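**Q** I'll drop the sequence and a predicted model, then ask my questions.
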Amino acid sequence: MDEGRKGCGKGESAESGHERNIATASRSRKGMQAADAFAPIDRFPTSDHARGRGNAETAMTTIDFTAGNYRYMPSVFQYSAGAAAMPGYHVQRVMFRSPVPLKAGFARIAQIIRGAGRPLTAFCACELRSPAPFDDAGFKAFNEIYVGTLAEWGIYNAETRANPVARSNVCPEIGGPPEPSFHAFSFVAEGDVGSPQFVISGSGEAREGAGSYAERIVRLNDTSPAGLREKGVFVLEQMEKRMAAFGHGWPDTTAAQVYCIHDIHPFLADEIVRRGAARCGLTWHFNRPPVIGLDYEMDCRSVAVERSL
């Protein structure tokens, strides 16, 4: 295990049949129609970008998850909008040098968290990599297996459908994994580091509310410089709203990530850098958001300890 980057001066830095079905479904490549690919939450799980299906995230409230020693912003079935360590605790992030398939990834995560002397409920965020956007059945199967493990760990509440774990899920345009896999995860550890500790979930440029993605995506199919700028500004503002729910902002971040295969340079300085989103640099991944039609995603964090293995 190698010690990773330090947070901008703020601190130190098993394949089942179900999984084979997930891998097959997720390889339904890019000709699928996105508009009806993810139904509302009362039918089956929505995507990582389906913000605003309920009122919780719209209100940007936070709830204590005492079993994990963190707060979270309620969102949809399979993820929260963000997680923040409670006083007396901090966040540690672990990145896998190569993507680890879902089942094996959960096993490794459990080993690492327990090895740190923490309960599995301390698992607070993850970053996933998928081969391509899912079809309906594939995405439903993936989320059922994913939250099934969280339920076993005492994190996901099947009755209330409350899920405190923050999540990003993106698709590498080149050299992606053959099946949904973990790229990184975060957990809450004991010890106050004297700085904000949070992870904000990934967000794409889809407005809140009812309707298909085609109806809600900002500048749908427009990857012109002006179109990308508007998409980027929308997502940046979503990041700011989520951080504000925890009482934080860009000056508190130790890292920000962009997922986009298009040229972001025309608005990089004016919109990203100028507002402070790149204060510790900017990690740009040549990845697509997991819903066809979305072109730009971001997440951000303030983490005391980061390492890779």
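**A** Received the coordinates, thanks.
**Q** Was I right to think Ile174 contacts Phe286?
**A** Yes. Here Ile174 lies in contact with Phe286, judged by Cβ atoms under 8 Å, at a distance of 6.4 Å. Every residue, glycine included, has its C-beta placed from N, CA and C.
**Q** what about those two, which has more around it?
**A** Comparing Ile174 with Phe286 by other Cβ atoms under 10 Å, the one with more neighbours is Phe286, at 14 against 7.
**Q** The more buried one reaches Gly176, doesn't it?
**A** No. Phe286 lies out of contact with Gly176 (Cβ under 8 Å); the separation is 10.2 Å.
**Q** Helices of the stretch 151-300 of the chain, start to end?
**A** According to DSSP state H, counting those that start in this stretch, the stretch 151-300 of the chain carries its helices in the segments 213-216, 225-245, 265-267.
**Q** How far away from the center of its chain is the longest one?
**A** What it means is helix 225-245. Put simply, helix 225-245 sits 15 Å off its chain's centre (Cα atoms, centre = their mean, to the nearest Å).
**Q** ditto for the last one
**A** Per Cα atoms, centre = their mean, the displacement of helix 265-267 from the mean C-alpha position of its chain is 24 Å.
**Q** Can you list the buried residues in that helix?
**A** Using 16 or more other Cβ atoms under 10 Å as the burial criterion, the residues of helix 265-267 that qualify are Phe267.
**Q** likewise the longest one?
**A** Of the residues in helix 225-245, 227-236, 238-243, 245 count as buried by neighbour count, 16+ other Cβ under 10 Å.
**Q** Now Gly68. Its backbone dihedrals?
**A** phi -110, psi 0 (degrees, to the nearest 10).
**Q** which ones are touching the nearest residue to it once chain neighbours are set aside?
**A** Excluding the flanking residues, the one nearest Gly68 by Cβ to Cβ, 6 or more residues apart in numbering is Thr121, at 4.2 Å. Neighbouring residues of Thr121 by Cβ atoms under 8 Å, 6 or more residues apart in numbering: Phe65, Ala67, Gly68, Trp153, Gly154, Ile155.
**Q** so Thr121, which of the three states?
**A** helix (DSSP: H, G, I helix; E, B strand; the rest coil).
**Q** thinking again about what came up before, looking at the contacts of Thr121, point me to the pair that's furthest apart.
**A** Taking Cβ to Cβ as the measure, these reach their widest spread between Phe65 and Trp153, a distance of 12.0 Å.
**Q** which stretches of the chain aren't confidently modelled?
**A** 1-59, 134-139 (pLDDT under 70).
**Q** contacting residues for the nearest residue to Met95 once chain neighbours are set aside?
**A** With sequence-adjacent residues excluded and distances taken as Cβ to Cβ, 6+ apart, Met95 is closest to Ala184, at 4.1 Å. Ala184 sits next to Arg93, Val94, Met95, Phe96, Cys126, Glu127 when contact means Cβ under 8 Å, 6+ apart.
**Q** Pro119 reaches Ala67, doesn't it?
**A** Yes. With contact defined as Cβ under 8 Å, Pro119 reaches Ala67; the gap is 7.1 Å.
**Q** Common neighbours of these two, please.
**A** Contacts common to Pro119 and Ala67, judged by Cβ under 8 Å, 6+ apart, are Gly154.
**Q** Now do the nearest residue in space to Pro180 that is not next to it in sequence against Ser212, distance only.
**A** Nearest-residue entry for Pro180: Ser130, 4.8 Å, with adjacent residues in sequence omitted and distances by Cβ to Cβ, 6+ apart. Ser130 sits at a distance of 21 Å from Ser212 (criterion: Cβ to Cβ, to the nearest Å).
**Q** out of the two, which sits in the busier spot?
**A** Ser130 (26 against 16).
**Q** got the contact list for that one?
**A** Counted by Cβ under 8 Å, 6+ apart, Ser130 has contacts Ser26, Asn169, Val170, Cys171, Gly176, Pro177, Pro180, Ser181, Pro290.
**Q** how about it, phi and psi?
**A** phi -120, psi 150.
**Q** any idea how far Phe246 is from it?
**A** Distance from Ser130 to Phe246, by Cβ to Cβ: 27 Å.
**Q** Same check on Asp299?
**A** For Asp299 relative to Phe246 (Cβ to Cβ), the value is 14 Å.
**Q** swap in Ile109?
**A** Counting by Cβ to Cβ - Ile109 and Phe246 are separated by 23 Å.
**Q** Repeat that for Trp284.
**A** 25 Å.
**Q** thinking again about what came up before, between Asp299 and Phe246, which one's more packed in?
**A** Comparing Asp299 with Phe246 by other Cβ under 10 Å, the one with more neighbours is Asp299, at 26 against 22.
**Q** tell me the contacts of the closest residue to that one other than its chain neighbours?
**A** Computed as Cβ to Cβ, 6+ apart, the closest residue to Asp299 that is not its neighbour in sequence is Gly202, at 4.3 Å. Listed by Cβ under 8 Å, 6+ apart, the contact partners of Gly202 are Asp48, His49, Glu127, Arg167, Ser168, Asn169, Val170, Tyr259, Pro289, Glu297, Met298, Asp299.
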